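Q: This is the structure alone, sequence omitted:
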């Protein structure tokens, strides 16, 4: 169809604006695409004179009728991507904090300890077990702590001396030093789990934003949004699978597919955080994750084929 026809651009503008409210981002806001299309409707030029009269503004429906809908959509999507790139430049990245190979004083300070497979804490500088380091401190500072014991007994003794005033007692000061180091090592070890797994960090303001989204838009709409974002991730994965299967020599297509999957993963991750906020008991989710990983490990160790 190539004939131009007048339309009610104002009505179409209102419809597209409402579309932005039902097809927003993971947080419930406009995705930007509907806004871009609505702006195009407003900026659309008037049509040329016909034999009878001037037509009104052509708008988006005429573009769709003339086969230009794909061009308009591509332009809108391009605008969205450009906006996203600009926004990303304003957001500071979150650097990784844990590493097994620190290269400067800052990284060394953040990774001063390590936890061995048997659960004992080790120091990087000097490179020795924490309990051995404590024995050296006890001897070097004339502490009365009994060293004629194994490491487990020494750990328990130091815990008891934690009640001593560190300002008045060298035993209390060493015990406090020991407690700070093993607590530091425990926190670093758990943080390393998250960073090794590549789980995105949600800062405190991000969690507050997630709660505000649930409160503003409601539980039911956000559950629907979760379904939408997961379906978009599914489509992105299908596109990646197609690119890998049929275009494995075309690195550009695979790269674009990877970028799309990463973006959809981010949206789904935000929705997963909202789902955890909605259903509660994140510690129970964590426990289930550990159990399922153990099941998968057992299947892999036993040579079983993973079932759907």
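A: Structure's in. What do you need? In this text the structure is predicted, and so the values were computed from the model without any measurement. Numbering: from 1, shown residues only.
Q: Report the helix or strand with the lowest average pLDDT across this protein.
A: None of the helices or strands of the chain scores lower by mean pLDDT, DSSP states H and E than helix 59-65, at a mean of 41.
Q: where exactly do the strands run in the stretch 101-250 of the chain?
A: 113-115, 121-123, 128-129 (DSSP state E, counting those that start in this stretch).
Q: would JSON lines of those with distance to residue 231 be doable?
A: Backbone N, C-alpha and C define where each C-beta goes, glycine included. Compiled in JSON lines, the strands of the stretch 101-250 of the chain are given as follows (distance: least, CB to CB, whole Å):
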{"stretch": "strand 113-115", "distance to residue 231": "41"}
{"stretch": "strand 121-123", "distance to residue 231": "46"}
{"stretch": "strand 128-129", "distance to residue 231": "52"}
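Q: To residue 172, which of these lies closest?
A: Nearest to residue 172, of all those, is strand 121-123, at 19.8 Å by CB to CB.
Q: List the neighbouring strands of the closest one plus their orientation.
A: Strand pairing for strand 121-123, using DSSP bridges, gives strand 113-115 (antiparallel), strand 128-129 (antiparallel).
Q: Quick one: residues in contact with the first one.
A: If I follow you right, that is strand 113-115. Outside of strand 113-115, the residues within contact range by CB atoms under 8 Å, 6 or more residues apart in numbering are 100, 121, 122, 123, 124, 130, 181, 184, 185, 186, 188, 189.
Q: Could I get the average pLDDT for that strand?
A: Averaged across strand 113-115, the pLDDT comes to 90.
Q: Which positions in it come out as buried?
A: 113, 114, 115 (16 or more other CB atoms under 10 Å).
Q: still on that earlier bit, check the contacts of strand 113-115 for burial and list the buried ones.
A: 121, 122, 123, 130, 181, 185, 188.
Q: which of those lies closest to residue 292?
A: residue 188 (25.4 Å).
Q: what sits against the closest one?
A: 98, 110, 111, 113.
Q: tell me the SS of the first one?
A: If I follow you right, that is residue 98. Residue 98 falls in the coil class when you classify it by DSSP: H, G, I helix; E, B strand; the rest coil.
Q: Quick check, it in contact with residue 108.
A: No - with contact defined as CB atoms under 8 Å, residue 98 does not reach residue 108; the gap is 12.0 Å.
Q: Comparing those two, which shows the higher neighbour count?
A: Neighbour count, other CB atoms under 10 Å: between residue 98 and residue 108, residue 98 has more, with 18 against 13.
Q: How confident was the prediction at that one?
A: With respect to pLDDT, residue 98 has a value of 90.
Q: how much space between residue 146 and residue 104?
A: From residue 146 across to residue 104, the span is 39 Å (CB to CB, to the nearest Å).
Q: which of the two has more neighbours?
A: Higher neighbour count among residue 146 and residue 104: residue 146, with 10 against 7, using other CB under 10 Å.
Q: Excluding chain neighbours, what is closest to that one?
A: Sequence neighbours aside, residue 157 is the residue nearest to residue 146 in space, at 6.5 Å (criterion: CB to CB, 6 or more residues apart in numbering).
Q: do residue 144 as well
A: Closest to residue 144 by CB to CB, 6+ apart is residue 171, at 6.1 Å.
Q: Check residue 163 too.
A: residue 172 (7.5 Å).
Q: That neighbour: what's it in contact with?
A: Counted by CB under 8 Å, 6+ apart, residue 172 has contacts 161, 162, 163, 164, 165, 166.
Q: swap the cut-off to 10 Å and go again
A: 143, 158, 161, 162, 163, 164, 165, 166 (CB atoms under 10 Å, 6 or more residues apart in numbering).
Q: cool, residue 130 as well?
A: Residue 130 touches 113-115, 120-123, 151, 155, 177-178, 181-182, 185, counting by CB under 10 Å, 6+ apart.
Q: Now render those as CSV, adding distance to residue 300.
A: Below are the contacts of residue 130 laid out as CSV (distance: CB to CB, whole Å):
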residue, distance to residue 300
113, 31
114, 26
115, 24
120, 28
121, 30
122, 29
123, 34
151, 34
155, 35
177, 42
178, 38
181, 35
182, 32
185, 29
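Q: That's all I had, so thanks and see you.
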